[in-house]
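> for reference, the sequence and a predicted model appear below.
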Amino acid sequence: MALPYRRLVVKIGSNVLTQANGLPDEDRMAQLVAQIVGLKNQGREVILVSSGAVAAGRSLITLPPKADAVRSRQLLAAVGQVKLLSLYAALLAPHGLLGAQVLVTKEDFRDRQHYLNMKNCFQELLQQNVIPIVNENDVISVTELMFTDNDELAGLVASMLNADALLILSNVDGIFDGDPARPGAQVIRQIAPHDTGFAEFILATRSQFGRGGMLTKCSIAHKVARLGISVHIANGKTPNILPNILNESAISTWFQPSKKASGTKKWLAHAQTAQATVHVNAGARAALLAAGQATSLLPVGVVKIEGEFQKGDLVRLADETGQPLGLGLAEYSSDKARERLGQHGQRPLVHYDYLFLNLDT
Ligand SMILES: Nc1ncnc2c1ncn2[C@@H]1O[C@H](COP(=O)(O)OP(=O)(O)O)[C@@H](O)[C@H]1O
Ligand SMILES: N[C@@H](CCC(=O)OP(=O)(O)O)C(=O)O
C-alpha cells in the first residue's frame, strides 16, 4: 500500500540537478518532473523546492576572472533562475500542468504579513492545480540574510503548509552509519522522533555543489519530523525514486513523525529572535529533555532571568552554562517570574503547549 501522503514538499538539491562539469542536468530534471506528474495523477498535491539556479546561470554566463564571490552568485542565480523555471515550465506543459515561481527570503518567514501573504498565495496555487516551484531569492539573500540552505527553506515551507511529508532528494541514498564511501556502510532506514544518535555518523563533507551539508539537512529533518511531518532523505539520481519512496520500495532514511504539532509549536520551532533568556538548572534541563514526556517549565527549576518580558512574549531557554535549549511563550512577565524564582508550587512559566526544545543540543 502506498504511503497516504496527500500534500508533499519535494526538495531537489543542487547536486541532483547539476552535472559533474557544473552545468544543469536537463535529463535528470525531465525524469524528476515525470515522477512529479505521476504523483499529481495519484491525486497528491506537490510543492517543489528546487535549487539549481546558480548551475543554470553557469551555462549562460562566463564569469570574469577574479570575480567577487557574492556578486557572482547573485549574477548566476538571477540569470539562471529564468532558465531553471523555463525548463520546468517546458517539461510540465505537455502534461497540461503549470508551474509557478515563488522566490523567498528568510525575512519573509519572520514578518507575519509576508508570511500570511505567502501562505495564502501557496494555497491559491494549489487550489488551481498549479505546482509552486520555490527557491531562495538569491539576488537579495546575501551572507547573514541567507537560509543555511534550501533544506532549511523546504522545512519552513513544509511546516507553513502543514504538509504530510517532506522528501529531500540529495546525491546519497540517505544517512549512512559512517562515511558513505566506506565499504559496508549502511543507510539508517528509520529515525525515531527523539533519537539524536544519528548525528555522530555525519561527516563535515558536503557534495560538490551543495551548500549546507548533511548535518544541517538532518537537523532540519529532525525538527520537521518532531512537528508531525514525515521526512525522507533519498537519492534523487535513483530512477523512480519519488514513486518508490511512496510505495516503500526505495532505500531512504525516514524520520518518523511525532504527533502533529499545533500551529504555535510549528511557529516556535522556526522562530529566530527572543528578547530575554530564562536559565534553568540541571534537574529542569533533564526533565524538559526527557524523551516522550510533555513537561512544562516550572519556576522551581529557573535559576536566572536575563532581560525583560511580558506575558505572551517569546523567551529563549538555556541551561546554567548558557547552552540554548529552545524557545517558548511566557505565561507571565519577567517581574513575576523573578519573584517566583526557585519556588515550589507555582504555575508553569512556559507551558508545554507553547514550548519547542532543540533535542540536538
Ligand atoms: N553519514 C552520512 N551519510 C550520508 N551522507 C553524508 C554523511 N556524512 C556526510 N555526508 C555528505 O553529505 C552530502 C549531502 O549533503 P549536501 O552536500 O548538503 O547535499 P544537497 O546539495 O543535496 O543539499 C553527501 O554527498 C555526503 O558527502
Ligand atoms: N538557491 C541556490 C541553491 C542553494 C542551496 O541551498 O543548494 P542545496 O545545498 O543543494 O540545497 C540555487 O538555486 O542555486
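Arrived safely. Ligands and ions are numbered 1, 2, ... in the order given.
> checking residue 64 next. Helix, strand or coil?
coil (DSSP: H, G, I helix; E, B strand; the rest coil).
> which residues touch it?
By Cβ atoms under 8 Å, 6 or more residues apart in numbering, residue 64 lies in contact with nothing. Bear in mind the C-beta positions are built from the backbone N, C-alpha and C, glycine included.
> what segments of the protein are strands?
Assigned by DSSP state E, the strands in the chain fall at 7-12, 45-50, 99-104, 131-136, 165-170, 190-191, 230-235, 253-255, 276-280, 302-306, 314-319, 324-329, 355-357.
> which of those is buried the deepest?
Sort the strands of the chain by mean neighbour count, taking mean count of other Cβ atoms under 10 Å, and strand 165-170 sits at the top with a mean of 27.
> need the longest helix for the protein.
When the chain is parsed with DSSP state H, its longest helix is helix 69-92.
> quick one: that helix to strand 99-104, angle?
Relative orientation of helix 69-92 versus strand 99-104 (axes from the mean of the first three to the mean of the last three Cα atoms, to 10 degrees): 160 degrees.
> elements contacting helix 69-92?
Secondary-structure packing of helix 69-92 (3 or more Cβ pairs under 8 Å, 6 or more residues apart in numbering; DSSP states H and E): helix 26-41, strand 45-50, helix 53-58, strand 99-104, strand 131-136.
> is the last one anywhere near ligand 1?
By that I understand strand 131-136. No. Residues of strand 131-136 contacting ligand 1 under Cβ under 6 Å from any ligand atom: none, with a closest distance of 12.5 Å.
> now do that strand, average pLDDT.
Mean per-residue pLDDT for strand 131-136: 98.
> could you do the longest one as well?
Model confidence over helix 26-41, given as mean pLDDT, is 97.
> hmm, residue 145 is touching residue 108, no?
No. If you go by Cβ atoms under 8 Å, residue 145 and residue 108 don't touch, sitting 11.0 Å apart.
> burial of the closest residue to residue 56 other than its chain neighbours, as a residue count?
Of all residues not flanking residue 56 in the chain, residue 80 sits nearest, at 3.4 Å (Cβ to Cβ, 6 or more residues apart in numbering). Using other Cβ atoms under 10 Å, residue 80 is surrounded by 23 other residues.
> wait, residue 80 touches residue 58, no?
Yes. Between residue 80 and residue 58 there is a contact under Cβ under 8 Å: 7.1 Å.
> now residue 191: how far from residue 201?
As judged by Cβ to Cβ, to the nearest Å, residue 191 and residue 201 stand 11 Å apart.
> quick check: neighbours shared by these two?
residue 175.
> report pLDDT for residue 162.
At residue 162, the model reports a pLDDT of 93.
> oops, could you answer that again for residue 335 instead?
pLDDT, residue 335: 96.
> ok, residue 227 - contacts?
By Cβ under 8 Å, 6+ apart, the neighbours of residue 227 are 159, 257-258, 260-261, 265-266, 269.
> where does the prediction get shaky in this structure?
For the chain, applying pLDDT under 70 flags the ranges 1, 205-212, 272, 291-292, 360-361.
> separation between the residue lying closest to residue 45 once chain neighbours are set aside and ligand 2?
Distance criterion Cβ to Cβ, 6+ apart; nearest residue to residue 45, sequence neighbours excluded, is residue 7 at 4.5 Å. Distance, residue 7 to ligand 2, using Cβ to the nearest ligand atom, to the nearest Å: 21 Å.
> and the gap between residue 7 and residue 40?
Distance from residue 7 to residue 40, by Cβ to Cβ: 12 Å.
> residue 310 now?
Separation of residue 310 from residue 40 (Cβ to Cβ): 47 Å.
> these two: who's more crowded?
Shown here are residue 310 and residue 40; by other Cβ under 10 Å, residue 40 has more neighbours (17 against 13).
> wait, what's in contact with the more buried one?
Going by Cβ under 8 Å, 6+ apart, residue 40 touches 46, 95, 97, 129, 131.
> how about 6 Å then?
In this structure, residue 40 makes contact with residue 46, judged by Cβ atoms under 6 Å, 6 or more residues apart in numbering.
> residue 350 too?
Applying Cβ under 6 Å, 6+ apart, the residues contacting residue 350 are 297, 328.
> okay, now residue 82: neighbour count?
By other Cβ under 10 Å, 14 other residues sit near residue 82.
> with residue 111 instead?
The tally of other residues near residue 111 (other Cβ under 10 Å) stands at 12.
> please report how far it lies from residue 273.
From residue 111 over to residue 273 the distance is 12 Å, taken as Cβ to Cβ.
> can you check residue 92 too?
Applying Cβ to Cβ, the value for residue 92 to residue 273 is 38 Å.
> related to what we said a few turns ago, do you know which of the helices and strands packed on helix 69-92 lies nearest residue 118?
The minimum distance between residue 118 and the helices and strands packed on helix 69-92 falls on strand 99-104, with 6.6 Å, by Cβ to Cβ.
> quick one: strands adjacent to the closest one?
Here strand 99-104 is paired, per DSSP bridges, with strand 131-136 (parallel).
> run through who's touching the strand it pairs with.
So strand 131-136 is contacted by 46-50, 53, 88, 99-103, 122, 125, 147, 153, 157 (Cβ under 6 Å, 6+ apart).
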